[in-house]
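[1] Predicted coordinates and the sequence they were generated for:
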Amino acid sequence: MVNKSAAVDFMTLEEAIATHVQDGHSVALEGFTHAIPFSAGKEIIRQGRKDLELIRMTPDLIYDMLIGAGCARRLVFSWGGNPGAGSLYRFRDAVENEWPVPLELEEHTHAVMANRYVAGASGIPFAVLRAYRGTDLPEYTENTSIITCPFTGEELLAVAALKPDVTIVHAQQADRKGNIHLWGIIGAQREALMCAKTAIVTVEEIVDEIELKPGGVVIPSLAIDVVCVVPGGARPSYAYGYYDRDNSEYLDWINHSQDRKAFEQWLVDTELREHVNAKAGE
Amino acid sequence: MTSTQLIKDTGYTEWTDTELMTISAARALESVTSCFVGVGIPSTAAITAQRILNPELILIYESGTIGSRPDKIPLSIGDGALCDSAISTVSVPEMFNYWLQPGRIDTGLLGAAQVDRFGNLNSTVIGDEYRRPKVRLPGAGGAPEIASACEEVTVIIKHSRKAFPEKVDFITSVGHGRDMAVRGALGFAGQGPVRVITDLGILEMSKEHGELMLTAIHPGVTVETVAQATGWDLLISPHLVVTPEPTQIELDTLRQLILHSSKR
């Protein structure tokens, strides 16, 4: 059921996660390389959520953290690497060795994921595109089916709508009514927000009045449920116009993630967890 | 990194095999209008092409930027620098649905972990078992639709028997499928992977033979070396040529770009 309320709850990130993200939920943290909601992801780890179905086109470091911390049972995605740096080692350890818990995969392409968000945002059960012909993808994934175009007879791929329980994105600004202003690379954030049961946005700041930037979009509060003010909430990714991507942190992630013990230590050092998982040394 | 060092008459000039691979890919973009670019060496090659070989080249990144003129090699496909210089930045659904899918983009420039004799690409898993892979790779990203919708695709990949198996472990992006008949039956508008540029030479899709054929070797490389680094009985073109050596301007441009990009 679509939320028709224009009222937006302003709350802390801690409250937002505690209230809206529950064990077993499907959760999409979106942001296509830009404005990745890292602070929200870390808060989910800090609150110890588990059995999540994580949805995201590019899992990136943010899902490597969540997967390594054991928050996820399932991942729906299209590209799982550390951009420009190589592997996501916690993701690989989960897939290759079921550590710390088995991770079920449902993988697609960017085009398919984008269309699944579009279908969800449109309130229809599926979207249609030209994809997967001749590849091995259909044999190993779910939620796609071949359909015949009723007008031309062409065989096309139908892809099921994504309907996450919660979507969280990061944006530069919100006004006091909860209208969201996002500019730069906007990815599939609008679609991801509009297909979710609960739409949460972390923002750099609240402004009295939105002054639309070139290429910017305003997402009216009608589509937003919760706004949290989290300056720096996209670090180490970037918020266009506010701060740059911290490439060194992306490159350095290998040192915190390649080894289980190092990752456990990182969780403790960054105060996401109180104690290291003793089994990590095995 | 192994390097091919050559002494030219004009003095001591050397370049690495990776540099020549990148420059060869840039040369393949000399006369195209638009190029869908992946991160890594494809991006380095495309920016090099835009600087010296094809100034009007429209670079398109899957993050939504169209017409970028990056001053550095982006570490990710969504760096702010791509947005700063773009003609337009569109959403990801718009990029794939309105720009890529209808065939508006000439060329795709892709990397992969494996390529086989029919030009199929694997970027999903290494090993026989999908659910318990030897190596879990990042996955498809935008590549499968780039391979099917662009007019043609150039693949950049380093040569080795592991990277050039007779059959890829997983078809992430289809070239000509498990046999040459497949592509025609799939009804794609584009030709798929038409050339594979490596650190040893260039392979091109032979319409006559229905598989990749070695058409160029890089200076100092032998056909035997290429054959040994290929996991199938590689066809050799009767018109095999030697790749022209990198020019000074090509090397200078590439090196300055890499040097400038390392100052992050």
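    Structure's in. What do you need?

[2] going forward, measure contacts between C-alpha atoms and count neighbours the same way
    OK.

[3] The residue lying closest to B:Thr172 once chain neighbours are set aside: neighbour count?
    Nearest residue to B:Thr172 in three dimensions, chain neighbours excluded: B:Asn122, at 4.9 Å (Cα to Cα, 6 or more residues apart in numbering or on different chains). The tally of other residues near B:Asn122 (other Cα atoms under 10 Å in any protein chain shown) stands at 29.

[4] next one: A:His275
    Using other Cα under 10 Å, the number of residues around A:His275 comes to 12.

[5] distance of it from chain B?
    From A:His275 over to chain B the distance is 29 Å, taken as Cα to the nearest Cα, to the nearest Å.

[6] got it, and A:Glu30?
    For A:Glu30, the distance to chain B (Cα to the nearest Cα) stands at 12 Å.

[7] I figured that residue hits A:Val169, correct?
    Yes: A:Glu30 lies in contact with A:Val169 (Cα atoms under 8 Å); the separation is 5.4 Å.

[8] what is in contact with these two at once?
    Counting by Cα atoms under 8 Å, 6 or more residues apart in numbering or on different chains, the shared contacts of A:Glu30 and A:Val169 are A:36-37, A:189.

[9] Which residue ranges of chain B form helices?
    Remark: helices assigned in chain B by DSSP state H are B:17-27, B:41-48, B:80-84, B:92-94, B:143-149, B:181-186, B:223-228, B:248-262.

[10] neighbours around B:Trp32, how many?
    For the record, residue B:32 is Val, not Trp. The burial metric for B:Val32, expressed as a neighbour count using other Cα under 10 Å, is 14.

[11] same question, A:Glu211
    Under the neighbour criterion other Cα under 10 Å, A:Glu211 is assigned a count of 11.

[12] Quick one, grab the pLDDT at it.
    According to the predicted model, the pLDDT of A:Glu211 comes to 97.

[13] quick one, phi psi at B:Glu28?
    Careful, residue B:28 is Ala and not Glu. B:Ala28 has phi and psi values of phi -70, psi -10 when expressed as degrees, to the nearest 10.

[14] gap between the residue nearest to it when sequence neighbours are not counted and chain A?
    Taking Cα to Cα, 6+ apart as the measure, B:Ala28 lies nearest to B:Thr154, with 7.9 Å between them; neighbours along the chain are not counted. As judged by Cα to the nearest Cα, B:Thr154 and chain A stand 18 Å apart.

[15] Contact partners for B:Thr154?
    By Cα under 8 Å, 6+ apart, the neighbours of B:Thr154 are B:25, B:28, B:107-110, B:193-197.

[16] Could you list the low-pLDDT ranges of chain B?
    Counting by pLDDT under 70, chain B has low-confidence residues at B:1-13, B:180-184, B:264.

[17] ok, B:Arg161 touching B:Ala229?
    Yes: in this structure B:Arg161 lies within contact range of B:Ala229 using Cα under 8 Å: 4.8 Å.

[18] A:Leu129 is in contact with A:Glu155, isn't it?
    No: counting by Cα under 8 Å, no contact exists between A:Leu129 and A:Glu155, whose distance comes to 9.6 Å.

[19] just to revisit the earlier point, more neighbours: which of B:Arg161 and B:Ala229?
    Per other Cα under 10 Å, whichever of B:Arg161 and B:Ala229 has more neighbours is B:Ala229, with 19 against 16.

[20] residue contacts, that one?
    Contacts of B:Ala229 by Cα under 8 Å, 6+ apart are B:159-161, B:164.

[21] Likewise for B:Val32?
    Neighbour list for B:Val32: B:57, B:106-107 [criterion: Cα under 8 Å, 6+ apart].

[22] gap between A:Thr19 and A:Leu162?
    According to Cα to Cα, to the nearest Å, A:Thr19 and A:Leu162 sit 22 Å apart.

[23] Tell me, how many residues neighbour residue 30?
    I'll assume chain A. When neighbours are counted by other Cα under 10 Å, A:Glu30 registers 28.

[24] hmm, I had chain B in mind actually
    Other residues within reach of B:Glu30 by the criterion other Cα under 10 Å amount to 17.

[25] how much space is there between it and B:Val90?
    Separation of B:Glu30 from B:Val90 (Cα to Cα): 26 Å.

[26] Now name the helix or strand holding the residue of the stretch 151-282 of chain A found nearest chain B.
    Here the stretch 151-282 of chain A gets closest to chain B at one residue, A:Gly187, 4.7 Å apart by Cα to the nearest Cα. Per DSSP states H and E, A:Gly187 falls between elements, in no helix or strand.

[27] which ones are touching it?
    Neighbours of A:Gly187 in contact, by Cα under 8 Å, 6+ apart: A:31-32, A:34, B:63-64, B:90-93.

[28] One more pass at 6 Å, please.
    Under the criterion of Cα atoms under 6 Å, 6 or more residues apart in numbering or on different chains, the contact list for A:Gly187 reads A:32, B:91-92.

[29] sorry, back to before: turn the helices of chain B into a markdown table, including distance to chain A and mean neighbour count.
    Conversion of the helices of chain B to a markdown table gives the following (distance: least, Cα to the nearest Cα, whole Å; neighbours: other Cα atoms under 10 Å in any protein chain shown):
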| stretch | distance to chain A | mean neighbour count |
| --- | --- | --- |
| helix B:17-27 | 16 | 24 |
| helix B:41-48 | 10 | 25 |
| helix B:80-84 | 6 | 23 |
| helix B:92-94 | 5 | 23 |
| helix B:143-149 | 6 | 28 |
| helix B:181-186 | 7 | 14 |
| helix B:223-228 | 26 | 15 |
| helix B:248-262 | 11 | 15 |
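
[30] Residues of chain A that sit close to chain B?
    Applying the criterion Cα under 6 Å from any Cα of the partner chain, the portion of chain A that neighbours chain B consists of A:33, A:78-81, A:83-84, A:92, A:96, A:109-111, A:114, A:134-136, A:186-188.

[31] Looking at A:Asp225 now. What's its pLDDT?
    A:Asp225 is assigned 98 on the pLDDT scale.

[32] What's the separation between the residue nearest to B:Thr172 and B:Val115?
    According to Cα to Cα, B:Asn122 stands 6 Å off from B:Val115.

[33] What about residue 28, how many residues nearby?
    Going with chain A. Here the count is done by other Cα under 10 Å, and A:Ala28 has 28 residues near it.

[34] let's do chain B instead
    18.

[35] Would you mind measuring from it to chain A?
    From B:Ala28 over to chain A the distance is 23 Å, taken as Cα to the nearest Cα.

[36] again with B:Thr230
    Distance, B:Thr230 to chain A, using Cα to the nearest Cα: 22 Å.

[37] Do I have it right that that residue meets B:Ala163?
    No: with the criterion set as Cα atoms under 6 Å, B:Thr230 and B:Ala163 do not qualify as a contacting pair; they are 8.0 Å apart.
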